[in-house]
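# Quick check, what structure comes out for this input:
(4 chains)
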Number of protein chains: 4
Amino acid sequence: MFASRFICICGLPGIGSVGKVAADYLATALECNTIMPFFSHSFPPQVMVCEGLAELMHAQLMRPKEKENLLILTGDAQPLDVVGMYGLAGNILQALKEQGVTDVITLAAYVGETNETILGTATDLDSATALGECKIPLLRSGAIGGLNGLLAGLAPLYDLRGFCLLATSSGADPVDIQAATNLLGAIKELFQLDIDITLMEPVIEEQEEIETKEVDMNYR
Amino acid sequence: MFASRFICICGLPGIGSVGKVAADYLATALECNTIMPFFSHSFPPQVMVCEGLAELMHAQLMRPKEKENLLILTGDAQPLDVVGMYGLAGNILQALKEQGVTDVITLAAYVGETNETILGTATDLDSATALGECKIPLLRSGAIGGLNGLLAGLAPLYDLRGFCLLATSSGADPVDIQAATNLLGAIKELFQLDIDITLMEPVIEEQEEIETKEVDMNYR
Amino acid sequence: MFASRFICICGLPGIGSVGKVAADYLATALECNTIMPFFSHSFPPQVMVCEGLAELMHAQLMRPKEKENLLILTGDAQPLDVVGMYGLAGNILQALKEQGVTDVITLAAYVGETNETILGTATDLDSATALGECKIPLLRSGAIGGLNGLLAGLAPLYDLRGFCLLATSSGADPVDIQAATNLLGAIKELFQLDIDITLMEPVIEEQEEIETKEVDMNYR
Amino acid sequence: MFASRFICICGLPGIGSVGKVAADYLATALECNTIMPFFSHSFPPQVMVCEGLAELMHAQLMRPKEKENLLILTGDAQPLDVVGMYGLAGNILQALKEQGVTDVITLAAYVGETNETILGTATDLDSATALGECKIPLLRSGAIGGLNGLLAGLAPLYDLRGFCLLATSSGADPVDIQAATNLLGAIKELFQLDIDITLMEPVIEEQEEIETKEVDMNYR
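Below is the predicted model of the structure:
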């Protein structure tokens, strides 16, 4: 169902960092280069410092080295207010449209009772049906919040198809490795990507270390 | 008093869901089609998922199948901030003006001491007087908040007449069936609509079921 | 010092309703007509209903029946957010400028230790000195918040002189009659107005009654 | 590394008032004149009154009497909301760009475990390396919040180099004299300024007195 499409896979921070971790892994595995940064006046008003280098919070659109018709979007944070979320989502979708993207797939966690490890939803009936035919069970009811919800939900206003893939998570862990790995498995099959998911574990461990280190805003 | 006018009846979510339930019922009873969606950067930043289909929060303007000079407006939510409320109300009124609408009637609940089941208010003296002549008792004093207040209050800035019809409610129920039914009775008579209000009960029961199901934002 | 000037006296709601009560009294005593309403997307999102008539919250610029070179500005509320306060203050000052106003005098309450009943401040040194010469003691230090502060403080950006007259108040009463009367006494002398301040008491009593009646937003 | 550059040193209020105190001292020591004020719709909505003179909250760009290729920026407050912070930072950087500035150096406090008294960070690798060569140890990891972070972080979007110099502080004192003095020492050496830092102590004592006097918004 995605064979002749131009896909952008988006994973912004959220519950269990599931979407972001999966998108970051994809970006590394596919040797992506950043082609466009996105800034927002609603990102946390701070620079992150790493080894003496200060960088403004941002989201970034990345292109794989060898794979065509695929882009990856990830980011440091969600905007702090609602108007900023809608504004950033609109800017991103406008840019994706201009890049020729046809389908926006966001990644997120699902916290709730279900026996499925992966659930899906789409913004039009045909796409939802097609997801089901690809063995992605459909989410019956719920709400998907933040950029991972808005990027999919606003997609039709830009003549794009919107999808969200959700990995079941307890919601208790700051980084849910298993859920992110499940998402990667589903993505690998859906988009026939040649990536090695078994490399996921060590990457995540490294990420966990960074997450648990307290990085609060103690300098002004 | 509304014979030669072009009316838009608006019911957005509020106390007891009174206005929204009444507007939704009208939309069904009059076999309305959506002619225009309204989005806002201040709606809750999420998509609602139903049977695998994801939809952005929005308000919608609807036209009855056979009735002319009448539109119905309803919506999923109120904007989360004040600036967003004013902005959305302005966008809606601008669109109504362009459709040829002359009178905006909002529906809401009234929580307070009174023996009346229905109360009314208007944005100009002639209209308020006319309401009284139609046996709609006038609200003596108070404030009407949110979109149901703003759509009526801002109407004169768009050369429209603004009205608000309020149904007495205890304010305790998430969905006040009786209050909504009372509103429909008043609307039926005021606008000489050929609708069967006795069908209200089962519709509401169904609505209640949806309302009480917990739909919180547990996915990101 | 105000002989050849075009003055606008502004009193918006604040501590003890001092400024608003004094401005409202002036508007009545000088038989003012509203010449311009000011709306703001940051006013409380509601209509006030009085005897069946619904009116949007607003501020209003008024012109005395017979007195030239004087305008009065008052309003129902302060904007709910900071950006809205600055925006409304700017719109008002722009309009005053276009009306030919040269001096903006805001009225407010002063809560603090002092033996004075009236204190003053101005946005330039000459004006502050002149105030002192008119027997208005100068405020030594402090901050004046909200529209009554901003309208004076922003005035120089519109080439207007800004002043604030403060009446000492305990800050405990919702309506401080005495403080408002003291302000009116100072204004009467400064601007040589032919008004009867002894009529203040009954007007205030009526106002108090309205204030103490609970008008919260119990209808939507 | 700054020999042929046009520098702007920025110190806005923050932890321990470190950056602001150091910038204010520089402005006095270098006999600066204000060349441009900056206002923001997100500054606290109030005027500050001092000896009868009312002044709107603002930031200001200053030029030393005799030193070329150096500007100082300081301000009364930080904007109250995130969007306002980004907006003001953008306006300031745009103005600096137009003045010919090439490097923006912000001053701030560092609260955390370290043996260094001064730490630095820059927005590009070459600049960070150069800082290290000037014996300014680099901050390993953390976040710098508010205008002192944003002015440095946003600088590259205006083709400027961004730096932040941080003085170690306990973060407990409203005004940390020692930390501000350490910053001045580093700045004196980095930019070869002919200033007498030993005059710092009495200036600070005066500042402390002002800080501890309660100036809350008790007038409206």
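
# Identify each buried residue in the lengthiest helix in chain A, please.
In chain A, taking DSSP state H as the definition, the longest helix is helix A:82-99. Neighbour counts over helix A:82-99 (16 or more other Cβ atoms under 10 Å in any protein chain shown) mark A:82-90, A:92-93, A:95-96 as buried. (C-beta placed from N, C-alpha, C; glycine too.)

# Show the subsequent helix or strand relative to it.
With elements assigned by DSSP states H and E, the helix or strand that comes after helix A:82-99 is strand A:103-110.

# I'd like to know which elements whichever helix or strand comes after that following strand is packed against.
The helix or strand immediately downstream of strand A:103-110 is strand A:118-122, counting by DSSP H and E. Where contact means 3 or more Cβ pairs under 8 Å, 6 or more residues apart in numbering or on different chains; DSSP states H and E, strand A:118-122 is packed against helix A:125-133, strand A:161-168, helix A:177-190, strand B:53-56.

# how about those, which one is nearest D:S169?
Minimum separation from D:S169 across the helices and strands packed on strand A:118-122 (Cβ to Cβ) falls at helix A:177-190, 38.2 Å.

# tell me how far stretch A:185-194 is from the chain's mean position?
Remark: stretch A:185-194 is offset 15 Å from the chain centroid, using Cα atoms, centre = their mean, to the nearest Å.

# what's next to that stretch, contact-wise?
A:2, A:7, A:9, A:22, A:26, A:29-30, A:67, A:70, A:105, A:107, A:118, A:134, A:136, A:165, A:167, A:195, A:197 (Cβ atoms under 8 Å, 6 or more residues apart in numbering or on different chains).

# Just the buried residues from those, in PyMOL please.
Buried members of those, defined by 16+ other Cβ under 10 Å, are picked up in PyMOL with:
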select buried, chain A and resi 2+7+9+22+26+29+30+67+70+105+107+118+136+165+167+195+197
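
# Point out the residues in chain A that sit beside chain C.
Counting by Cβ under 8 Å from any Cβ of the partner chain, no position of chain A is adjacent to chain C.

# Return the most buried member of the helices and strands packed on strand A:118-122.
Neighbour counts (mean count of other Cβ atoms under 10 Å in any protein chain shown) averaged over each of the helices and strands packed on strand A:118-122 peak at strand A:161-168, with a mean of 28.

# Next, the angle from that strand to strand A:118-122.
Orientation check (axes from the mean of the first three to the mean of the last three Cα atoms, to 10 degrees): strand A:161-168 against strand A:118-122 gives 160 degrees.

# name the helices or strands packed onto strand A:161-168?
Using 3+ Cβ pairs under 8 Å, 6+ apart: strand A:161-168 touches strand A:103-110, strand A:118-122, helix A:125-133, helix A:147-154, helix A:177-190.

# Tell me which of the ones you listed sits nearest to B:I144.
helix A:147-154 (30.4 Å).

# Next up, phi/psi of A:A3, please.
phi -50, psi -50 (degrees, to the nearest 10).

# Contacts only, for it.
Contacts of A:A3 (Cβ under 8 Å, 6+ apart): none.

# Skipping its backbone neighbours, what lies nearest the residue positioned nearest the centre of chain A in space?
The residue lying closest to the centre of chain A (Cα atoms, centre = their mean) is A:G11, at 1.1 Å. With sequence-adjacent residues excluded and distances taken as Cβ to Cβ, 6 or more residues apart in numbering or on different chains, A:G11 is closest to A:A23, at 2.8 Å.

# State whether A:M62 is indeed within a strand.
Yes: judged by DSSP: H, G, I helix; E, B strand; the rest coil, A:M62 forms part of a strand.

# ok, the residue nearest to A:G11 touching A:L107?
Yes: using Cβ atoms under 8 Å, A:A23 is in contact with A:L107, at 6.2 Å.

# A:P37: which element?
strand A:33-38.

# Over to A:V21?
With DSSP H and E as the criterion, A:V21 is inside helix A:18-29.

# I'd like to know which elements that helix is packed against.
So helix A:18-29, by 3+ Cβ pairs under 8 Å, 6+ apart, packs with strand A:7-11, strand A:70-75, strand A:103-110, helix A:177-190, helix A:200-212.
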